[in-house]
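*Asks:* using only what follows, build the 3D model:
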Amino acid sequence: MKSMRSLYKKLLQYVPDKRIWAYSSMALSAAAVCSYMGAYWFLWQSIVSILVIPAYEKAMYDAIIVVALMILRGILNIASATCSHYLGFRLETNLRKNGLHKLLDASSSFFDHNSSGEIRKVIDDNAAETHKTVAHLIPDNITAVMTPVLMFVLMFAIDYRLGILLILTTVIGVLQYRKMSGGTEFLSGYSAALQNECGNSRICQRNADHKNLRCNCTVLQNSD
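*Replies:* Numbers count the residues shown, from 1 in each chain. Presented below is the predicted three-dimensional model:
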C-alpha cells in the first residue's frame, strides 16, 4: 500500500495542475460504491416488505429506488473513469515530453549505443503503461477497498448474525486460500523459480518492463 501511494505521489508530480481530476475520480468511485451498497439495502427492504410485512406499495417504492441507485452507480462509474482517463492522457503526454527533454542532455555516446527507434519505443511503451496505471487503477483501487468495508457494514445493519457469519466465512476463505497457495513464502519461491527458468525469454523481458515502469518516474526524478 505504501509503495502504491509513493508511486502515485511521484506520478502526480508530472501533472501538478491536474491533481483535482485524481481526487474527483476517487470521490466519484467512492460515491458509486455507496450507491451500489445502497441498492442492496433497499433491495433487502423490498424483500422484507413482500415476505415479512405485506406492504406491497412500499415494496414497489423500494424497488424503484433500487433501479434508480443502480442507474446512478453506472453514471458515477462513467464520470469517475472519465476523470481518471483525462488525468491519464495528460500524464502520458507530460511523461513523453519530460523523457524527450532528458534526452537533450544525454551524451552523443548514448545515441551511438542506443538507436532512436529503441529510445522512442521505451518512452512510448512506458508512458502508455503509466496511463493504464492511472486511468484504470485509481477507480479500481477505491472500489476494491470500499466494497468489502461497506459490505460488512451492510450485513451488520441488516442483522448482526449475518455480519458475524460473513466475518467467519471471510476468515475461512482466506485461510483456505493461503493453505492452497502455500503461503507467501511458497509464492515468492515459486515466482523466483519461474524467473530462473525463463532466463532471457520474452516472459522475463515483460516482467522487467513492468518493473521498469514502476521505476520510470524515480529515474526521471533522480536525473534532475
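*Asks:* can you tell me the closest non-neighbouring residue to Ile47?
*Replies:* Counting by CB to CB, 6 or more residues apart in numbering, the nearest residue to Ile47 once its immediate chain neighbours are dropped is Ala59, at 8.0 Å. To be clear about C-beta, it is placed using only N, CA and C from the backbone, and glycine gets the same treatment.
*Asks:* again, but for Leu150
*Replies:* Of all residues not flanking Leu150 in the chain, Met37 sits nearest, at 4.3 Å (CB to CB, 6+ apart).
*Asks:* do the same with Gly163
*Replies:* Counting by CB to CB, 6+ apart, Gly163 lies nearest to Phe156, which is 3.6 Å off, once chain neighbours are set aside.
*Asks:* next one: Phe89
*Replies:* Using CB to CB, 6+ apart and skipping residues adjacent in sequence, the residue nearest Phe89 is His131, 6.6 Å away.
*Asks:* is it true that that neighbour touches Thr93?
*Replies:* No: contact status for His131 versus Thr93: not in contact, 9.3 Å apart, counting by CB atoms under 8 Å.
*Asks:* settle it for me: which of these two has more neighbours?
*Replies:* Between His131 and Thr93, counted using other CB atoms under 10 Å, His131 has the larger neighbour count: 20 against 14.
*Asks:* secondary structure element holding the closest residue in space to Asn77 that isn't next to it in sequence?
*Replies:* Using CB to CB, 6+ apart and skipping residues adjacent in sequence, the residue nearest Asn77 is Ala32, 4.9 Å away. Using DSSP states H and E, Ala32 falls within helix 19-51.
*Asks:* tell me which residues in that helix are buried?
*Replies:* Taking 16 or more other CB atoms under 10 Å as the basis for neighbour counts, the residues of helix 19-51 that come out buried are 21-22, 24-26, 28-46, 49-50.
*Asks:* read off the pLDDT value for Gln195.
*Replies:* At Gln195, the predicted lDDT confidence score is 59.
*Asks:* that should have said Lys132, apologies.
*Replies:* Taken from the predicted model, the pLDDT recorded for Lys132 is 74.
*Asks:* what's the helix or strand for it?
*Replies:* Here Lys132 sits within helix 116-135, counting by DSSP H and E.
*Asks:* show me the residue at the heart of this structure, geometrically.
*Replies:* Per CA atoms, centre = their mean, the C-alpha nearest to the average position across the chain is that of Leu137, at 2.6 Å.
*Asks:* thinking again about what came up before, hmm, the residue nearest to Ile47 is touching Ser49, no?
*Replies:* Yes: with contacts defined as CB under 8 Å, Ala59 counts as touching Ser49 at a distance of 3.7 Å.
*Asks:* joint contacts of these two?
*Replies:* Overlap between the contact sets of Ala59 and Ser49, as judged by CB atoms under 8 Å, 6 or more residues apart in numbering, is nil.
*Asks:* helix or strand right after the helix holding Ala32?
*Replies:* For helix 19-51, the following helix or strand on the C-terminal side (DSSP H and E) is helix 56-103.
*Asks:* if you count contacts, what does that following helix end up packed against?
*Replies:* The elements that helix 56-103 packs onto, with contact taken as 3 or more CB pairs under 8 Å, 6 or more residues apart in numbering; DSSP states H and E, are helix 19-51, helix 116-135, helix 137-158, helix 202-222.
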